[in-house]
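> coords please:
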Amino acid sequence: MTTTTRTLHPDRALPADPTLRPLAREIFEQTRDLPLVSMHGHVDAALLADDEPFPDPAALLVVPDHYLVRMLISQGVPQDALGVPRRDGVPVETDPRAIWRTFASRWHLFRGTPTRLWLEHELVEVFGVTEPLSAASADRVYDHLVDRLAQPEYRPRALFERFNLEILSTTDPADSGLEDHARLAADGWGDRVVPTFRPDAVVHLDRPGWRAALRALEARVGYEISSYRLLVQALEERRRAFKAAGARSSDHGHLRADATPLTDAEAERIVTAALRGQVEPAAAAAFAGHMLHETARMAGEDGLVLQLHAGVLRDHDPAVHAARGPDVGYDIPVPTEFTRALRPLLESFGHHPNLRMVLFTVDEDAFSRELAPLAGVYPAVRLGAPWWFLDTPDGMRRFREAVTDTAGFYNTTGFVDDTRAFCSIPARHDLARRIDAGFLARLVAEHRLDLDEAVETAVDLALHLPRESYAPC
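Next up is the predicted model:
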């Protein structure tokens, strides 16, 4: 490494106002070292079950990070040059050093973005990099990271302990046998790494791969799913298996928040058509809404928290999806309506004592207009943290400003990081705690809260609310 030193400012992301900054600093200090409760994310359980060294810096920090990849794509960098694999077997760049150089030479593209904040935290705080990243420093930083990744204290489980992770929830398809979770449980990690039930692949009947996903579910449950009734039966069985393995929640990614129930006869008709390959998009959408209503019923019975991530048009470029599959940066937000869409579900289950439903959106207009009022009256509803394109410093501030007047703090879940980048988990929680400290500092400065109340609220947002929102039922 060179003598140029890169450090992180201790007051980063705290308010610039000289009246607010000391208050925010004092509030943040009370949450800085609290355990991390990571109740929704996409880290592969096999990563921790295997506990093998990470392969290289590019595979860890570049290739799987769709935030990072999409920015480089937008500036004309081919995905092949970033090592993003292809379904058709066409070769892509496999030299991790070359991939790292491509990224490092464009580090300036991330100025002002949360990706920059998270990656700087990872490089400096996690890996001890002391040189600013650039084309000139790319190889030196790469070699430093390679050296660190070879050390036992940088294996996944060691980092898990260092990150002060209290619990980590993965996301797993309905057909998962949860073998990696069983291995973790055998090693004494069963209450620290838990699965989340994700049935999307079998409830969205017109998505590519639906039939293959259904066949995988059939193989798991041991019988043919030839009807709507049998599909519901299979999902209920898998929910029980997930709960037995420690699951606290299910997760559902829907384009719309619609939860209008169908009659059993209509649901059966749509599934029968899908099995014949004849389902229409409108019927498939109606069935997805019906299954959201059914999921609320199931959640009221088994206690799994129902997480709804609505309002993202997945795989915007069909050619990219065909070539590379999902989760490569082409999911785009759309306006989302919740009030009428969720009314049937809330009429049926909004006051159910055993239902907990967490709503996430990437449509900021819905925060104050719909989501906060819904969470502010229905006992079953909580608001999830700003998600995806909104998990930015300003996005998180706007969220607090938009929802606190109506929903308060205690109808939210605290921070949910929703990441597939394992080493970014502490960075994301650190940033959220800083933003909440700044928001609370303003309430103190305006004499709307006492300082001790602000500190208590910050601790609740960082630790107690995530624990309580996802507590086993």
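> contacts, neighbours, all on C-alpha from now
Noted.
> which intervals of the protein have sub-threshold pLDDT?
The chain contains residues with pLDDT under 70 at 1-4.
> Per the annotation, how does it divide into domains?
20-51+156-469, 53-154 (automatic domain parsing).
> most tightly surrounded among those domains?
Burial among the domains of the chain, expressed as mean neighbours by mean count of other C-alpha atoms under 10 Å, is greatest for domain 20-51+156-469, which shows a mean of 19.
> chain center to that one, what's the gap?
With C-alpha atoms, centre = their mean, to the nearest Å as the basis, domain 20-51+156-469 stands 7 Å off its chain's centre.
> the strands in the chain, which residues?
36-38, 165-169, 172-173, 193-194, 197-198, 249-254, 305-310, 312-313, 332-333, 357-361, 381-383 (DSSP state E).
> right, and these - which one's nearest Val459?
strand 36-38 (11.5 Å; C-alpha to C-alpha).
> The closest one - contacts with which helices or strands?
Applying 3 or more C-alpha pairs under 8 Å, 6 or more residues apart in numbering; DSSP states H and E, we find strand 36-38 packed against strand 165-169, helix 425-445.
> Compile the strands of the chain into a markdown table and extend it with columns for distance to Phe127.
Converted to a markdown table, these look like this (distance: least, C-alpha to C-alpha, whole Å):
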| stretch | distance to Phe127 |
| --- | --- |
| strand 36-38 | 19 |
| strand 165-169 | 17 |
| strand 172-173 | 29 |
| strand 193-194 | 23 |
| strand 197-198 | 33 |
| strand 249-254 | 32 |
| strand 305-310 | 32 |
| strand 312-313 | 34 |
| strand 332-333 | 32 |
| strand 357-361 | 32 |
| strand 381-383 | 34 |
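> for those, which one sits closest to Pro57?
Evaluated over these, closeness to Pro57 peaks at strand 165-169, with 22.1 Å, by C-alpha to C-alpha.
> So in that sheet, which strands flank the closest one, and in what orientation?
Take DSSP bridges as the rule and strand 165-169 pairs in its sheet with strand 36-38 (parallel), strand 193-194 (parallel).
> mind checking which of the ones you listed is nearest Arg398?
Among those, strand 36-38 comes nearest to Arg398, with 22.2 Å by C-alpha to C-alpha.
> hmm, back to that, wait, which of the helices and strands packed on strand 36-38 is closest to Val403?
Val403 lies closest to helix 425-445 among these, at 12.4 Å (C-alpha to C-alpha).
> out of the strands of the chain, nearest to Ala150?
Shortest distance between Ala150 and the strands of the chain, using C-alpha to C-alpha, is found for strand 165-169: 21.9 Å.
> What would that closest one look like as CSV? C-alpha coordinates only.
Once non-C-alpha atoms are left out, strand 165-169 reads as follows in CSV (Å, rounded to 0.1, in the frame of the first residue of the first chain):
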residue,chain,number,x,y,z
LEU,A,165,-24.6,-10.3,13.7
GLU,A,166,-27.2,-11.5,16.1
ILE,A,167,-29.3,-13.3,13.4
LEU,A,168,-29.2,-13.5,9.6
SER,A,169,-32.2,-14.5,7.6
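> The closest residue to Arg21 other than its chain neighbours: what's it in contact with?
Nearest non-adjacent residue to Arg21, counting by C-alpha to C-alpha, 6 or more residues apart in numbering: Pro15, 5.3 Å away. The contact partners of Pro15, taken as C-alpha atoms under 8 Å, 6 or more residues apart in numbering, are Arg21, Ala24, Gly438.
> From His309, how far off is Pro15?
Distance, Pro15 to His309, by C-alpha to C-alpha, to the nearest Å: 30 Å.
> do the same with Ala219
Taking C-alpha to C-alpha, one finds Ala219 at 28 Å from His309.
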